[in-house]
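Enquirer: Give the three-dimensional model of this entry:
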Amino acid sequence: MSIDGGRPELPGAGAPGRSLLGRVLAFAAGAVLLVLVFTLSVFLFAILVAGGLLVWGYLWWQTRELRRQLRKQMRERPPGGRVIEGEAVREDGSDDKDERRS
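Expert: Below you'll find the model as predicted:
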């Protein structure tokens, strides 16, 4: 190890890393590693999405009878015990617009 502020020398890390062939090999190894990691991450993401869909589908299927019962209860006994039914009519109001402009 040098004391003069230069780069420390590690045993066994000599010239191969500094040559053009060493740099090309390091770049190629890095590119291959990057492609492998990306492929693995896409594969794991697909597995997680498929697993999540399976869990959601299972829970949806298992709770379908409960949802039917809740809908039936809501129709028979609405919250608050009152149902206000009515009709709404919407008029175009084109006459009103003309009167406001003048």
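
Enquirer: pLDDT value on residue 15, please?
Expert: Looking at residue 15, its pLDDT stands at 48.

Enquirer: Report the rounded mean pLDDT for the helix or strand that contains residue 74.
Expert: In the assignment (DSSP states H and E), residue 74 maps to helix 64-76. Regarding helix 64-76, the rounded mean pLDDT is 89.

Enquirer: repeat for stretch 49-59
Expert: Model confidence over stretch 49-59, given as mean pLDDT, is 97.

Enquirer: Okay, buried residues for that stretch please.
Expert: By 16 or more other CB atoms under 10 Å, stretch 49-59 has no buried positions at all. Quick note: C-beta positions are derived from backbone N, CA and C, even for glycine.

Enquirer: Geometric centre of the chain: which residue is closest?
Expert: Geometric centre of the chain, nearest residue: residue 49, 9.1 Å, by CA atoms, centre = their mean.

Enquirer: mind checking how far that one is from residue 57?
Expert: As judged by CB to CB, to the nearest Å, residue 49 and residue 57 stand 12 Å apart.

Enquirer: cool, and residue 87?
Expert: 40 Å.
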